[in-house]
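[1] Sequence first, predicted model second:
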Amino acid sequence: QVQLSESGGGLVQPGGSLKLSCTASINTLNAYSTNWYRQAPGNERELVATTTNRESVPVADSVKGRFTISRDNAGNTVYLQMNNLKPEDTAVYYCQLQWGPFGPNYWGQGTQVTVSS
């Protein structure tokens, strides 16, 4: 069973930055992809950014140019650097590991990000 643990969420003012961490119980380099999702109240869960062995890119148009996904050299931790945060970025952010092209998928418990003055 793969375990994922997110950290780094909190309250930040508009224009501020946060760096989220997702620590995995396995080496994420062995997985198909590791992804950051977010879900705001009343909204569906949204794919924010993805990292594979080929690329690490933001996916949601609303975060391009502001969010960066990266991974440590050991492959056990995936990061989401979030800059110039906006109130609409407020959500619970989840780390997901997709083991193969058709799953299975594993989820962390989520970390709350609140952007407010």
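    Everything's here; your move. The shown structure was predicted, so the numbers you read here are calculated from the model rather than taken from an experiment.
[2] Residue 114 bridge partners, please.
    Counting by DSSP bridges, residue 114 is bridged to residue 11.
[3] Residue 63: how many residues sit nearby?
    Other residues near residue 63 come to 23 when the count uses other C-beta atoms under 10 Å. (Each C-beta comes from the backbone N, C-alpha and C, glycine too.)
[4] Name the helix or strand for the closest residue to it other than its chain neighbours, please.
    Distances taken as C-beta to C-beta, 6 or more residues apart in numbering place residue 48 nearest to residue 63, at 5.8 Å, with adjacent residues excluded. Take DSSP states H and E as the rule and residue 48 turns out to sit in strand 46-51.
[5] follow-up on the earlier one: the residue nearest to residue 63 touches residue 38, doesn't it?
    Yes - using C-beta atoms under 8 Å, residue 48 makes contact with residue 38 at a distance of 5.3 Å.
[6] For residue 86, list the residues it contacts.
    For residue 86, the contact set (C-beta atoms under 8 Å, 6 or more residues apart in numbering) comprises 14, 115.
[7] ok, now with 10 Å
    Residues in contact with residue 86, defined by C-beta atoms under 10 Å, 6 or more residues apart in numbering, are 14, 15, 16, 62, 63, 66, 115.
[8] do residue 70 as well
    19, 49, 51, 56, 77, 78, 79, 80, 81.
[9] buried sites along stretch 99-110?
    For stretch 99-110, the neighbour count (16 or more other C-beta atoms under 10 Å) marks 106, 108, 110 as buried.
[10] Read off the pLDDT value for the residue nearest to residue 63.
    At residue 48, the model reports a pLDDT of 98.
[11] Quick check: it vs residue 14, distance?
    For residue 48, the distance to residue 14 equals 18 Å [C-beta to C-beta, to the nearest Å].
[12] again, but for residue 101
    With C-beta to C-beta as the criterion, residue 101 and residue 14 are 38 Å apart.
[13] rewinding a little: with distance to residue 92 as added columns, please give the contacts of residue 86 in CSV.
    Listed next are those as CSV, based on distance: C-beta to C-beta, whole Å:
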residue, distance to residue 92
14, 19
15, 21
16, 18
62, 16
63, 15
66, 18
115, 13
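[14] which of the residues you listed sit farthest apart?
    Farthest pair in the contacts of residue 86 (C-beta to C-beta) is 16 and 62. Separation: 16.7 Å.
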